[in-house]
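*Asks:* sequence and predicted structure below; questions after.
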Amino acid sequence: MAVPGQGDEGRSALLMKIVMAGESCVGKTSIVRRYTEPNAAAAFSSSSYLATIGIDFKVKCVTLNDKTVKLQIWDTAGQERFHTLSTSYFRGAQGFVLVYDITNLDSFQSVTSWMKDIHEKAGDEVDIVLLGNKCDKESERVVPKHKGEKLAWEHGIPFFETSAKDNVNIEDAFSVLTKEILEKKSWVLYDLEVVDLNENQLSLLYSRKMFKDLR
Ligand SMILES: Nc1nc2c(ncn2[C@@H]2O[C@H](COP(=O)(O)OP(=O)(O)OP(=O)(O)O)[C@@H](O)[C@H]2O)c(=O)[nH]1
């Protein structure tokens, strides 16, 4: 049986493009690191914050319904000056992790605008999971949990409160999202070959192949 993240990277696999979305500083990079890097906890030993410049992505292989699935997780920059660049990566995504910060009201109020961007660029059929991150900071909370639940319910999407810091609900959120994507009956997966052009930057060669029989 395939072991997630071990030894499957080189093999042709079903591929899902997942994009992180949400305002700056809500924790998108921290969530991706927590999910894809086993020792991500070390990242929280420092109080420094490095904004994502441009775009980055990580790859993680998981096994779903006995299929090896390569998750390509794009981490976009939330800063306004990168908005056009970030949203240009929405096209072709099958899933989105839309994040706000429970200690930042503006980040919650911008969720609807991010939803609009997602549907405009990626269509109405994409799967989205809404995360209220930094739930370890209960004393600084300004967005009640029920407001996040209500918003997610209005959009018909799953919702989790998460903490990248304490590793709360991160695995579950990605698991629910990837299962929803895989369960779509009329779904087409693209096999993308990721080419490492140099040590710092990655580019993509898209070789489109249809996978009709997913089960
Ligand atoms: N307490 C706490 N802090 C967090 C959590 N997630 C992220 N942070 C902190 O919040 C700050 C911003 O985190 P990032 O992951 O860089 O945020 P981002 O959304 O990727 O920001 P941009 O790159 O600007 O879009 C950093 O100082 C993190 O350490 C969390 O769950 N709990």
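*Replies:* Noted; the coordinates are in hand.

*Asks:* the ligand contacts on this protein?
*Replies:* 24-30, 44, 49, 51-52, 77-79, 133-134, 136-137, 163-165 (CB under 6 Å from any ligand atom). Yep, even glycine has a C-beta here, placed from its N, CA and C like the rest.

*Asks:* just the buried subset of those, please.
*Replies:* By neighbour count, with 16 or more other CB atoms under 10 Å, the residues of the chain next to the ligand hold 24-30, 52, 77-78, 133-134, 136, 163-165 as buried.

*Asks:* sort out for me which of the residues you listed are in helices.
*Replies:* When DSSP state H defines the helices, the subset of those inside them is Lys28, Thr29, Ser30.

*Asks:* now the longest helix along the chain: buried residues?
*Replies:* Secondary structure of the chain per DSSP H: the longest helix is helix 170-183. For helix 170-183, a neighbour-count test (16+ other CB under 10 Å) marks Ile170, Ala173, Phe174, Val176, Leu177, Thr178, Glu180, Ile181, Leu182 as buried.

*Asks:* for Met16, give me the pLDDT.
*Replies:* With respect to pLDDT, Met16 scores 89.

*Asks:* dump the buried residues of helix 170-183 to JSON lines, plus pLDDT.
*Replies:* JSON lines is the format used below for the buried residues of helix 170-183 (pLDDT from 0 to 100):
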{"residue": "Ile170", "pLDDT": "97"}
{"residue": "Ala173", "pLDDT": "98"}
{"residue": "Phe174", "pLDDT": "97"}
{"residue": "Val176", "pLDDT": "96"}
{"residue": "Leu177", "pLDDT": "96"}
{"residue": "Thr178", "pLDDT": "93"}
{"residue": "Glu180", "pLDDT": "92"}
{"residue": "Ile181", "pLDDT": "91"}
{"residue": "Leu182", "pLDDT": "87"}
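
*Asks:* nearest to the ligand, of those?
*Replies:* Ile170 (8.9 Å; CB to the nearest ligand atom).

*Asks:* got a list of what that closest one touches?
*Replies:* Taking CB atoms under 8 Å, 6 or more residues apart in numbering, we find Ile170 in contact with Ile31, Arg34, Tyr35, Thr162, Ser163, Ala164.

*Asks:* what about 10 Å?
*Replies:* 30-35, 40, 97, 131, 133, 160, 162-164 (CB atoms under 10 Å, 6 or more residues apart in numbering).

*Asks:* report the separation between it and Lys150.
*Replies:* 22 Å (CB to CB, to the nearest Å).

*Asks:* check contacts around the residue lying farthest from the centre of the chain.
*Replies:* Centroid-distance maximum for the chain: Ser139 at 26.5 Å, with CA atoms, centre = their mean. Residues near Ser139 by CB under 10 Å, 6+ apart: Thr103.

*Asks:* who does the closest residue to Lys67 other than its chain neighbours bridge with?
*Replies:* Spatial nearest neighbour of Lys67, chain neighbours left out: Leu14 (5.6 Å); criterion: CB to CB, 6 or more residues apart in numbering. Counting by DSSP bridges, Leu14 is bridged to Val69.
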